[in-house]
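Sharing a sequence plus its predicted fold:
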Amino acid sequence: MDYVTLDFRDEVALVGLNRPQKRNAISDAFIEELDRVVTEVESRAKAAVIHGHGPHFCAGLDLAEHVKKTPFEGVHGSRRWHAVFGRIQRGKLPWFGALHGAVVGGGLELAASVHVRVADETAFFALPEGQRGIFVGGGASARAARLMGVSRMTDMMMTGRTIDAQTAERWALVNYVVPAGAALEQAVALATQAATNAELSNFAIIHALPRINDMGTDDGLWVESVIASFTATSPEAEERLNAFLSKRAGKVARPGS
């Protein structure tokens, strides 16, 4: 059985988590297959959407496999998750998440590695590691905590608190909330739009913004000025700017207009 499916809509790759009988729980084999799919996506697409088959996005780590590991094996497994999810977060192209049902534990860690998250109204979010006697190991402390803040993440881990999609949006864990069943199509629409951007601009957004966010203000402003100058002198930027100046490209409009 393929743990990860891959389809394409023009220049957008659709990556599906495909272990529905286990609520798309992530095993070692699952991680290795996802790594191979990321490589193929980067060679064929300009944007990607990750989603879950079945009633849930992803319920996290496969605990049945994890409980048999030695501490040393656990460290190596954790670092492997970091590496594969890092390829999504700081790779070649923008990734969008279509979230529904359980977005729990490692599923939330995977969702936190994409750049834009769309949740439907069935989605719920939790980090139950504290109740399992373990600690997050797939990047939540460095990714999810940056999205929602350390205090909120502490609450979720320590008390077992589960939050709904609307709360996740208020906490900046997700960017959009849509009706049940609509997350995938909305994520594909957003990814399709992003795929029309200049590839250099998308790359700069993915790589520069999180790094600038971790810098002091003066250092961040310096990096911003260098990247702005670099991207503005690319041939694609020149073409797009001239299209705007000659009224061949539309102006920014009010929402809903």
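Received it, and whenever you're ready, just let me know what you need.

Confidence-wise, which helix or strand of the protein is lowest on average?
helix 63-66 (a mean of 66; mean pLDDT, DSSP states H and E).

Past that helix, which element shows up next along the chain?
Following helix 63-66 in sequence order, the next helix or strand is helix 71-89 (DSSP states H and E).

any idea how far that following helix is from the chain center?
Here the centre of helix 71-89 is set off from its chain's centre by 16 Å, with CA atoms, centre = their mean, to the nearest Å.

One more: stretch 169-179?
Per CA atoms, centre = their mean, the centroid offset for stretch 169-179 relative to its chain is 13 Å.

Equivalent analysis for stretch 247-256, please.
28 Å.

Now it - C-alpha only, PDB.
What follows is stretch 247-256 as a C-alpha-only set of coordinates in PDB (Å, rounded to 0.1, in the frame of the first residue of the first chain):
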ATOM      1  CA  LYS A 247      -1.700  48.500 -17.400                       C
ATOM      2  CA  ARG A 248      -1.400  44.900 -18.700                       C
ATOM      3  CA  ALA A 249      -1.600  43.700 -15.100                       C
ATOM      4  CA  GLY A 250      -4.500  44.400 -12.700                       C
ATOM      5  CA  LYS A 251      -4.300  46.600  -9.600                       C
ATOM      6  CA  VAL A 252      -4.900  45.400  -6.100                       C
ATOM      7  CA  ALA A 253      -8.600  45.400  -5.400                       C
ATOM      8  CA  ARG A 254     -10.800  45.500  -2.300                       C
ATOM      9  CA  PRO A 255     -11.700  42.100  -0.800                       C
ATOM     10  CA  GLY A 256     -14.800  40.600  -2.500                       C
END
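
contacts for it?
240, 243 (CB atoms under 8 Å, 6 or more residues apart in numbering). C-beta coordinates here come from the backbone N, C-alpha and C atoms, glycine included.

List phi and psi for residue 92.
Backbone torsions of residue 92, given as degrees, to the nearest 10, read phi -90, psi -20.

is it true that it touches residue 44?
No: counting by CB atoms under 8 Å, residue 92 does not reach residue 44; the two are 11.0 Å apart.

The two: which is more packed in?
Neighbour count, other CB atoms under 10 Å: between residue 92 and residue 44, residue 92 has more, with 17 against 12.

which non-adjacent residue is nearest that one?
Distances taken as CB to CB, 6 or more residues apart in numbering place residue 42 nearest to residue 92, at 4.6 Å, with adjacent residues excluded.

and the one you found, what does it touch?
91, 92, 93.

quick one, the helix or strand it falls within and helix 71-89 angle?
Element membership for residue 42, per DSSP H and E: helix 28-44. Here the directions of helix 28-44 and helix 71-89 differ by 20 degrees (axes from the mean of the first three to the mean of the last three CA atoms, to 10 degrees).
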